[in-house]
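Q: Quick one: sequence plus predicted model below, questions after.
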Amino acid sequence: MDTGTQINLAFHGVDILNVNFNAVAPRTEKEMQIDINYEPKVYYPEDSKQDFKIIVNIELSAENVFSLSLTAIGNFQLSNDIDGKLKETFINANAPAIMFPYIRSFISTFTSNLGNTVGTIIIPTQFFKGNLEEYKPE
C-alpha cells in the first residue's frame, strides 16, 4: 500500500543565541530544588507568509547554587494549504514541542560538562497549551 506524504510543518533546526551561566557555590547536596521558567513566543517574519520562528527564553536556578539562562530560536515553515485551526495547533503546540527536546538536550550536555559544579540537569518534559504570545522586535 502506498501512502502519500504531505509535509504541513517543516522544522529547520534550533539556534542557541546566548547562554548565561553563573555558579554561586559548588553543589553540596545530592538533591536540590531547581526553579524553571520557560517562555516560548512566536515570531512571524514580515517577508514570509509560511515561515515562523519560536523564540524561547528559559531560566533555571537553584538558590545559592547557580543560575542558567538561554535564548533559543526554532525555525519552522508551514505549507500553503493549512486551515486556520490546524495552523494554530502547529504554531502553538507542535512547534514548541518539536524544539523542546533540543533545548533539553543542550542543557543536559552543557551542565554535564561543568563537572561537579551543579551536576547534570535533566529538565522535565513540557506540554504546551494555549496561544503563544507574539514576539515583536522593538
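A: Sure, I can see it.

Q: What separation do you get for residue 91 and residue 138?
A: 22 Å (Cβ to Cβ, to the nearest Å). Every residue, glycine included, has its C-beta placed from N, CA and C.

Q: Show me which of the two is the more surrounded one.
A: residue 91 (21 against 2; other Cβ atoms under 10 Å).

Q: which residues does the nearest residue to that one once chain neighbours are set aside contact?
A: Closest residue to residue 91 apart from its sequence neighbours, by Cβ to Cβ, 6 or more residues apart in numbering: residue 42 at 5.7 Å. Counting by Cβ atoms under 8 Å, 6 or more residues apart in numbering, residue 42 touches 52-55, 91-92, 95, 132-135.

Q: Centre of the chain to the longest helix belonging to the chain, how far?
A: Identified as the longest helix of the chain according to DSSP state H is helix 95-112. Taking Cα atoms, centre = their mean, to the nearest Å, one finds helix 95-112 lying 7 Å from the centre of the chain it belongs to.

Q: what's next to it, contact-wise?
A: 9, 11, 13-14, 16, 19, 21, 40, 42, 52, 54, 56, 58, 60, 68, 70, 72, 74, 76, 118-123, 125-128, 132.

Q: Among the residues you listed, name the ones in strands.
A: Secondary structure from DSSP state E places 9, 11, 13-14, 16, 19, 21, 40, 42, 52, 54, 56, 58, 60, 68, 70, 72, 74, 76 of the contacts of helix 95-112 in strands.

Q: Please, a PyMOL command that selects the buried ones among those?
A: In PyMOL, a selection of the buried entries from those looks like this (16 or more other Cβ atoms under 10 Å):
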select buried, resi 9+11+14+40+42+52+54+56+58+60+68+70+72+74+76
